[in-house]
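1. For reference, the sequence and a predicted model appear below.
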Amino acid sequence: MDENKAVQYLESLIGRVLRVHATDTRIFVGTFKCTDAARNIILANTHEYRFPSPSAVRDAATNADELAAESAATAQNITLSMTSRFIGLVVVPGQHITKIELEETPQQGRMRDTLGS
Amino acid sequence: MRAVTQSAVPRDITDDFTTAASKLRTGQLVKDEYFTLFEAVGALEIMDSKMDSGYLGPGETNAQALEDDYDLMRELAPEEVLGIMDELLCHEMAWHMGHPLSQTLFTSLYLDRLLWPVPKTLEDAHFLRGQSQINQEVPEIVHTVLRAYCLALVKSCDFVHARVTTEYYFEEEDFVTQLYNRTLLSQFDSKQFYDLLDRAVRWIDEQTGIVSEKVAKAIKARLLFRREFLWGLEQDIEVIETRFAEQFRNCLSHLDFLSESTVLGREVPESFSWKIQRKLASTVPPRPMVKISFEDALAHLKRLCQDAVDLLEILDYRGPYNLKVLIWTLLSRKPQPSVYIRSLVQSLIVSNRTILGAVPAKQFLYDELEQIVLPSSILLQASADEIEVPSDPRFQIAQHMDVFTKRFSQPFVDTFRSACLNRCRIRRTVCHTLVDWDNLQMEAEDLDEQLRALSNEPPLKLANGDTTYSYPLSSWAYHHKLSQFRLILQLGFELSIYSPEELPGMYWYLSHICSTHLGHIDRIRTFTVATAKRNLTDLAAKKRGAFERHTVLQRSIRLLERLTTQIVAVDAFAISLHALYVLLARHCILPTTSSAQAYSSDRLRYEIRMKPFLQIALPELVPYDEYRREAILEGDSDDTVLERATKAISEARKAWEATLANGAFIHDSDEKHSPALAIEDDWKRDIKDTMRACIGASIAIETVKKALRAQAESRKREGEPQSFQPVHLRVAIPEVGSKARWHDWWVVPQVSPATTTGVSKT
C-alpha cells in the first residue's frame, strides 16, 4: 500500500462508526474523525463500554440459577449487557489501542464483497 | 444510551488500519474536512489519568474503583431514612453553593438508581430498576418515603437549574450547571411529586406504634418541608402574579425543628459514593465528595427562604429610584443571596420585556428621566400626544425620543440587573459598561442639540453673562456614569483591591468624583429651578396643568436634594479618611504591603487603578503629578490636615444622619405611609454601620491628634524641633468581615497608642 492508497483508505473511513478497543479492555464506539502516523484516533460522540464487573456477573448468574430452578430448566449461558456511558469527543492514543473494528450494516458488507475491495 | 442499529456488524480492520496509518508521514493527518484542530484540543485523552474519568490506575481493580457494595433494597431503620434525608439536604445545599452535582447529590446511590438510565415514566424511577425483580421487594419505608423525598428533591433542583441557566451567572464561579448527561426529571409534571409526598406523609401517619413517634415526626416534617420548598421553587417568576410567598414562610417555620431533630437520624455513609463519578459523562476524573455540615446547609437554606420571602417587596413598582434601592439593598445582604435568588431577581426585573412584569421599558426610562432631568418636559409628553403630522415639532421630538429609548433602555435596565451578579463581577461589569455610558453620553449630546431646536428651549443666563442650555439627556447619562465611577471605587474597598498605601489616594479620588458629581447635580438643579420659576407665573395665572407641573417639579427638586445629601455624606467621609491616611503615611505608621525593593511604585499603582477610566472622556483623567500632589496634600501642615479631617468627619456624620432621616425611599406626598419593609431595615442597618464607621474614624483622628501633640511637646522639651521623633501609634487596617470593619466601603484604620517605646512598627 503506498501513501496515496493509505490516505485513500483512511479517508474512506472518516465519518464511519469505529469500535476501538483499549488496553484496559474498554471499548470506545464513536464516529471516526481523525488519525495520524502514530495511529492516534479521534472519535466524536463516543460511548464508553465496559465489561460487566465480576460481582454483576455473579448476581446475574445467581438470578439465572433461581430462574432456572423455578422453571426447572438448566441455564447454561447468561446474557449481560455492557455498561455504557456517553463521553463525547475523545482521542485514543495509538499505543493504547488493541483492536479496531468498523461497524457495517450487512448491506455494506455485501457491497464490499461484490466490489472486492 | 446509544441507539444502535440492529444490524450493525463489526468487522476487524486493525491490520488494515495499522498498515495504512504507518504509511503516513510524521505530522500528516487524515481528518474530516470539517473537523478542526481547535476542536481536537477539546478531546479527552483516553488512558490519561488527568482527563479520562474512566481510567483506572495501576492496582485499581474494577471492583475497587467502580463497584459499590451497597444493597439499595436493604431494609432501612426509620432513623437511617432520616439520616439519608438530611445528608441529601446537605448535598443539595452544597450544590446551591456552587459545588458540582458530581461531588454532591450525584454521589447518592439512591439518586443514581432513580436517575439512570433516564426513566421514561415517573413510576419507572424506583430502586428496583435494572435488577431482576423476582424475590425482591423494596422495603416500604424506602419505597414510599425515601423515594418520594428523593424524587421531589431532584425536581426541586430541576426548577433551580432551569432558573439559573436562563440568566447571567458565572459557571463554576457561582454555580455548576453540568448535569453529566442526566436529567433532573424535568419531563415530569410536578403534580406527581406532590402526590408522592402526600402518600409518604399518609404512610408515616399510619405507622403509629411501629415507628418511634419522635422519628416519625421528624421524617414527616422533612416531607412537609420538601413539599413547600418544591412548591415555592415551582412558583418561581409566577410570584409576579401571585404575590405569594407563604411556601417559603412555611419552609422557614420547619427549619428550627429540622435542626433540632437531625440528631435522631443515623448516617448511612455507605449509601453515598464518589465512585459514581466514573459513570457520569464527565471530563474530569473523580474528585472527593463535598461535605458540608447540616448547620451550614440549614443556614444557607434559611437565607434562601428568607430572601425569597422578602423578594415580594421589590415587586411593587414605585419608580426607578426606589427600585434601585430595593434591589441593591436586597442583593448586598451578607452573605450575598444565593445564585438562585439572584437569577430570580434578574428575571423579575425584566420579565416579558417589561419591568417587574408591569412597566414597559420605555415607561421605566421615562419615569427615571422625569425624576431626574426632565420634570414636566415636552420631550417626554410628545410621544403621548400621538401627533401624526410629520412637520409638527412634537412628531419630530417623539421620533428623536424613540431613538433615544431604543438606545438607552437596555443599558439602563442593565444597571439594575448587574446588581444580581456576584460582587466581583458587578465591579468588572460596571468597569466595562462605563465605556458604553461614555459613548452613550456623547450620542445623547447630539440628540440634546437636535431636540433643543425642536422644543425651543429657552437658554439660561449664567452669572458671568454666558448662556447655556440644559442638555437633559446627556446630563442624565453623565449622572449615571459618575454614579458608576463611585460604585467602582467603593466596590474596590469592599473587595479589598487596594493595598494600605493606596488608601490615601483612593479616598482622595473618591472625594474628587463626589465633588464632580455634586457640581453636576447642581447644574441639573439650576435648570429645574429655572423651569419651576417659569411655572410659578403659570401657576399664578391658574393655567391649565400648571399645578400638576408644579408638583412634578417639586418632586424632582426633592430627589436632587436627596441625592446631594447622599453624595455630600460620601464626599465628607472620604475627605476625612483621606486626611487621616495622609497623616498616617507622613509619619510612616501606615502599614504597607509592598517591600522597599518592590517593583511597584505609586505611579504604577495609580496607572493600574485608573485603567477602567482611561478611555473615559468625561470626567477627565487626573494626571499623575496632580493626583500625587492632592493625594499627599502637598504643602499642608499636619495641623491643617488634622483640622481638615476633623471638620470633614463631623460634616460626614451630619450628612449621614440626614440621609438616614430622609429614609430609604421616596414617597409620593399623596401616598399613605407604606408598611415597614424588611429590606428597609437592611438599608437602615447599612447606613447605621456607616455612621459607626464615622464614629470610629473620629476616634482614630482624635488619637492621632493626641499623639502628634505629644510628639510636638517632647520635641520642644528636648529643644530640637527638627529631630526625628517617632509617633507612638500602632495602626491596623481591619479586614472586610472583621468586627472592627464597620462597613465594607469604609476602611477606617484602628489607631491605638503603641505599647512599646521603641520605633513604631511600619
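-> Here it is on my side, so go on. Residues are numbered from 1 along each chain as shown, chains lettered A, B, ... in the order given.

2. Surely B:H728 is in contact with B:V751?
-> No. With contact defined as Cβ atoms under 8 Å, B:H728 does not reach B:V751; the gap is 10.9 Å. Where you see a C-beta, it was placed from the backbone N, CA and C, and this is true even at glycine.

3. higher neighbour count, these two?
-> Using other Cβ atoms under 10 Å in any protein chain shown as the criterion, B:H728 and B:V751 rank with B:V751 on top: 25 against 19.

4. Given the host helix or strand of that one, what are its sheet partners and their directions?
-> B:V751 is located in strand B:750-753, with elements delineated by DSSP states H and E. Strand B:750-753 pairs in its sheet with strand B:729-732 (antiparallel), by DSSP bridges.

5. quick one: average confidence on the strand it pairs with?
-> For strand B:729-732, mean pLDDT rounds to 93.

6. tell me the helices in chain A, going along the chain?
-> A:3-13, A:54-71, A:106-115 (DSSP state H).

7. what is the mean pLDDT for the last one?
-> When you say that, I think you mean helix A:106-115. 77.

8. anything in it near chain B?
-> Yes. Judged by Cβ under 8 Å from any Cβ of the partner chain, helix A:106-115 and chain B are in contact via A:P106, A:G109.

9. from the middle of its chain, how far away would that helix be?
-> Chain-centre distance of helix A:106-115: 20 Å, with Cα atoms, centre = their mean, to the nearest Å.

10. lowest average confidence, helix or strand, in chain B?
-> Least confident element among the helices and strands of chain B, by mean pLDDT, DSSP states H and E: helix B:62-66 (a mean of 69).

11. continuing past it, what's the next helix or strand?
-> Later in the chain than helix B:62-66, the nearest helix or strand by DSSP H and E is helix B:78-96.

12. ok, what's across the strand from the spatially most central residue of chain A?
-> Chain A has A:R19 as the residue nearest its centroid, 3.4 Å off, counting by Cα atoms, centre = their mean. With DSSP bridges applied, A:R19 shows beta-bridge pairing to A:V29, A:E101.

13. State the distance from it to A:R26.
-> Applying Cβ to Cβ, to the nearest Å, the value for A:R19 to A:R26 is 11 Å.

14. Under the pLDDT cut-off, which ranges of the chain? List them.
-> Assuming you mean chain A. A:55, A:63-76, A:116-117 (pLDDT under 70).

15. You answered for a different chain; I wanted chain B.
-> B:1-7, B:62-64, B:131-136, B:384-385, B:669-674, B:720-725, B:756-762.

16. Would you map out the domains in it?
-> As given by the TED database, the domain ranges for chain B are B:78-314, B:353-591+B:609-667+B:675-682.

17. give the contact list for B:T107.
-> Counting by Cβ atoms under 8 Å, 6 or more residues apart in numbering or on different chains, B:T107 touches B:H91, B:F272, B:S273, B:W274, B:I276, B:Q277, B:M289.

18. now the residues you listed as a markdown table including secondary structure?
-> A markdown table is the format used below for these (DSSP: H, G, I helix; E, B strand; the rest coil):
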| residue | secondary structure |
| --- | --- |
| B:H91 | helix |
| B:F272 | strand |
| B:S273 | coil |
| B:W274 | helix |
| B:I276 | helix |
| B:Q277 | helix |
| B:M289 | coil |
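
19. Which among these count as buried?
-> Burial by neighbour count, judged by 16 or more other Cβ atoms under 10 Å in any protein chain shown, picks out B:H91, B:F272, B:S273, B:W274, B:I276, B:Q277, B:M289 from the contacts of B:T107.

20. quick one: the first one and chain A, what's the gap?
-> Spatial separation of B:H91 from chain A under the definition Cβ to the nearest Cβ, to the nearest Å is 21 Å.

21. Spit out the contact partners of B:S556.
-> Counting by Cβ under 8 Å, 6+ apart, B:S556 has contacts B:E370, B:Q371, B:I372, B:P375, B:T528.

22. which one of these has the most neighbours?
-> B:P375 (25 neighbours).

23. so where does the residue nearest to B:P612 when sequence neighbours are not counted fall, helix or strand?
-> Excluding the flanking residues, the one nearest B:P612 by Cβ to Cβ, 6 or more residues apart in numbering or on different chains is B:C431, at 4.0 Å. Taking DSSP H and E as the definition, one finds B:C431 inside helix B:423-455.

24. following that helix, which helix or strand shows up next?
-> strand B:460-461.

25. just how off-centre is that next one within its chain?
-> 43 Å.

26. Tell me the helix or strand right after that strand.
-> Remark: after strand B:460-461, the chain's next helix or strand is strand B:467-468, criterion DSSP H and E.

27. quick one: contacts of that following strand?
-> Counting by Cβ under 8 Å, 6+ apart, B:P459, B:L460, B:K461, B:L462 sit against strand B:467-468.

28. okay, the angle between the helix or strand harbouring B:W231 and helix B:78-96?
-> Here B:W231 sits within helix B:213-235, counting by DSSP H and E. Interaxial angle of helix B:213-235 relative to helix B:78-96 (axes from the mean of the first three to the mean of the last three Cα atoms, to 10 degrees): 30 degrees.

29. Using PDB, write down the CA coordinates of helix B:213-235.
-> Extracted C-alpha coordinates of helix B:213-235, given in PDB (Å, rounded to 0.1, in the frame of the first residue of the first chain):
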ATOM      1  CA  GLU B 213     -43.100   8.900  67.500                       C
ATOM      2  CA  LYS B 214     -40.200  11.400  67.500                       C
ATOM      3  CA  VAL B 215     -38.600   9.900  64.400                       C
ATOM      4  CA  ALA B 216     -41.900   9.800  62.600                       C
ATOM      5  CA  LYS B 217     -42.500  13.400  63.400                       C
ATOM      6  CA  ALA B 218     -39.000  14.300  62.200                       C
ATOM      7  CA  ILE B 219     -39.500  12.400  58.900                       C
ATOM      8  CA  LYS B 220     -42.900  14.000  58.400                       C
ATOM      9  CA  ALA B 221     -41.500  17.500  58.900                       C
ATOM     10  CA  ARG B 222     -38.900  16.800  56.200                       C
ATOM     11  CA  LEU B 223     -41.600  15.600  53.800                       C
ATOM     12  CA  LEU B 224     -43.700  18.600  54.500                       C
ATOM     13  CA  PHE B 225     -40.800  21.000  54.200                       C
ATOM     14  CA  ARG B 226     -39.900  19.400  50.900                       C
ATOM     15  CA  ARG B 227     -43.500  19.900  49.600                       C
ATOM     16  CA  GLU B 228     -43.400  23.600  50.500                       C
ATOM     17  CA  PHE B 229     -39.900  24.100  49.100                       C
ATOM     18  CA  LEU B 230     -40.800  22.400  45.800                       C
ATOM     19  CA  TRP B 231     -44.000  24.500  45.600                       C
ATOM     20  CA  GLY B 232     -42.100  27.700  46.200                       C
ATOM     21  CA  LEU B 233     -39.500  26.800  43.600                       C
ATOM     22  CA  GLU B 234     -42.100  25.800  41.100                       C
ATOM     23  CA  GLN B 235     -43.800  29.200  41.600                       C
END
